[in-house]
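>>> just coords:
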């Protein structure tokens, strides 16, 4: 086996820079690395390109559809950049990946990226140019990269029409970080993959639980 294991779905689902049994491992999603500094996040990759286009007033390279929308994107990014680099806790929506119907969300705390969330939407029908990823496909990829999960379980959920499904969950516990995959089954469901620091995982575990209206 090579010293480097990498698994990519769409635009960087998650990357492991070392075999699963070695630590620390490097987790990358949405083009960014877990625990990277906020200043680095907003200066590199797609987000860095957007920031520089905003600073130059190059609205077409921010959003070609309209100048008004581009300015709004720049205002949101500038606010997130300012808050995140100051150490505030802030959630920032990334650009995601259109082809795989993936939405990205990043959480910063203390000046660092502490959580990467990626939601892969299921398509109701085949759409040209879109290639959504199923739970099974994403779960298999994570097992290839990280080995068997630390914990795997299912829980019953109900959709808006009262149809019962078994939702699958898996967790890979690391010494410094945690990977989760969470299925929301059904025709219009989704699969969420989360990479977060151990501190962020513990923080969420201690937070009050909200009742799920779709839980039977």
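Now that the structure is in, tell me what you want to look at. Quantities reported herein were computed from a predicted structural model and do not represent experimental measurements. Numbering: from 1, shown residues only.

>>> gap between stretch 133-153 and the chain center?
15 Å (C-alpha atoms, centre = their mean, to the nearest Å).

>>> residue ranges for the helices of the chain, please.
38-41, 45-56, 67-85, 135-146, 198-206 (DSSP state H).

>>> Go through those and name the closest to residue 107.
helix 198-206 (7.1 Å; C-beta to C-beta). Using the backbone N, CA and C atoms, a C-beta is placed for each residue, glycine as well.

>>> And that closest one, what does it pack against?
In this structure, helix 198-206 packs against strand 112-121, strand 177-184, with contacts taken as 3 or more C-beta pairs under 8 Å, 6 or more residues apart in numbering; DSSP states H and E.

>>> That one vs strand 177-184, what angle?
40 degrees (axes from the mean of the first three to the mean of the last three C-alpha atoms, to 10 degrees).

>>> In CSV, list the helices and strands packed on helix 198-206 along with distance to residue 202, mean pLDDT and mean neighbour count.
Formatted as CSV, the helices and strands packed on helix 198-206 follow (distance: least, C-beta to C-beta, whole Å; pLDDT from 0 to 100; neighbours: other C-beta atoms under 10 Å):
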stretch, distance to residue 202, mean pLDDT, mean neighbour count
strand 112-121, 11, 96, 22
strand 177-184, 9, 96, 22
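
>>> related to what we said a few turns ago, could you identify which of the helices of the chain is most buried?
Greatest average neighbour count among those goes to helix 38-41 (a mean of 20), per mean count of other C-beta atoms under 10 Å.

>>> Give me the contact list for that one.
When contacts are defined by C-beta atoms under 8 Å, 6 or more residues apart in numbering, helix 38-41 is touched by residues 32, 47, 81, 84-85, 106, 108, 111-113.

>>> re earlier: is it possible to get CSV of the helices of the chain that adds distance to residue 92 and mean pLDDT?
Formatted as CSV, these follow (distance: least, C-beta to C-beta, whole Å; pLDDT from 0 to 100):
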stretch, distance to residue 92, mean pLDDT
helix 38-41, 8, 96
helix 45-56, 9, 93
helix 67-85, 4, 95
helix 135-146, 23, 94
helix 198-206, 15, 92
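
>>> for these, which one sits closest to residue 186?
Nearest to residue 186, of the helices of the chain and by C-beta to C-beta, is helix 135-146 at 11.1 Å.
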